[in-house]
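K.L.:
Sequence plus predicted model, see below.
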Amino acid sequence: IPWAPLHGGLLGGALRKEREGGTGRTSAGRAFDALQDPAVRERVQAYEDLLAKHGLEPGETALAWLLTRPGVTGPIVGPRTTDQLASALRAVELELSPELLSALDEIFPGPGPSPEAFAW
């Protein structure tokens, strides 16, 4: 059961919100800290660009992707608004194409083969 799967808003469209003048999650916290790394910022931008081409919302897609992972029964989300809750619920019904899943894996390849790379 993954906790905080959007990494404090990082995968919920943080860069788009930053461009639109938002001061939320990109001005402090985990998302802000992560975006200080140029490599992370570049991957998050590629992620947002890919989803924009497909007309998909980043937060919904991140949760839908997570639900495609073997062994994941349900992420623990912490919506602060009713809009965020509705978005999380839409993710349950979102079906991601094999091509999109492959493109996401290219952007975020993971740390290595399972289970070794995920061992504590």
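P.N.:
Nice, I can see it.

K.L.:
quick one: pLDDT of Phe118?
P.N.:
Phe118 carries a pLDDT value of 69.

K.L.:
If you could redo that for Glu18, that was the one I meant.
P.N.:
Reported pLDDT for Glu18: 87.

K.L.:
tell me which element it falls in.
P.N.:
Element membership for Glu18 (DSSP states H and E) is helix 14-19.

K.L.:
cool, Glu42 as well?
P.N.:
helix 38-54.

K.L.:
Report the mean confidence score over that helix.
P.N.:
Here the average pLDDT along helix 38-54 is 96.

K.L.:
What's the local residue count around Val92?
P.N.:
Using other CB atoms under 10 Å, Val92 has 11 other residues around it. (Glycine included, C-beta is placed from N, CA and C.)

K.L.:
Could you shift the numbering so residue one becomes 20, and keep it that way?
P.N.:
Renumbered: residue one is now 20, and that last one reads Val111.

K.L.:
returning to what we had before: beyond the helix holding Glu61, next helix or strand please.
P.N.:
Counting by DSSP H and E, what follows helix 57-73 is helix 77-86.

K.L.:
Can I get the helix or strand following that next one in PDB? Just the C-alpha atoms.
P.N.:
Using DSSP H and E, the helix or strand that directly follows helix 77-86 along the chain is helix 101-112. Extracted in PDB, the C-alpha atoms of helix 101-112 (Å, rounded to 0.1, in the frame of the first residue of the first chain):
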ATOM      1  CA  THR A 101     -13.000  17.800  -2.900                       C
ATOM      2  CA  ASP A 102     -11.500  18.300  -6.400                       C
ATOM      3  CA  GLN A 103      -8.400  16.300  -5.400                       C
ATOM      4  CA  LEU A 104     -10.700  13.500  -4.100                       C
ATOM      5  CA  ALA A 105     -12.700  13.500  -7.300                       C
ATOM      6  CA  SER A 106      -9.400  13.300  -9.300                       C
ATOM      7  CA  ALA A 107      -8.200  10.400  -7.200                       C
ATOM      8  CA  LEU A 108     -11.500   8.500  -7.800                       C
ATOM      9  CA  ARG A 109     -11.300   9.100 -11.600                       C
ATOM     10  CA  ALA A 110      -7.900   7.500 -11.600                       C
ATOM     11  CA  VAL A 111      -9.500   4.200 -10.600                       C
ATOM     12  CA  GLU A 112     -11.400   4.000 -13.900                       C
END
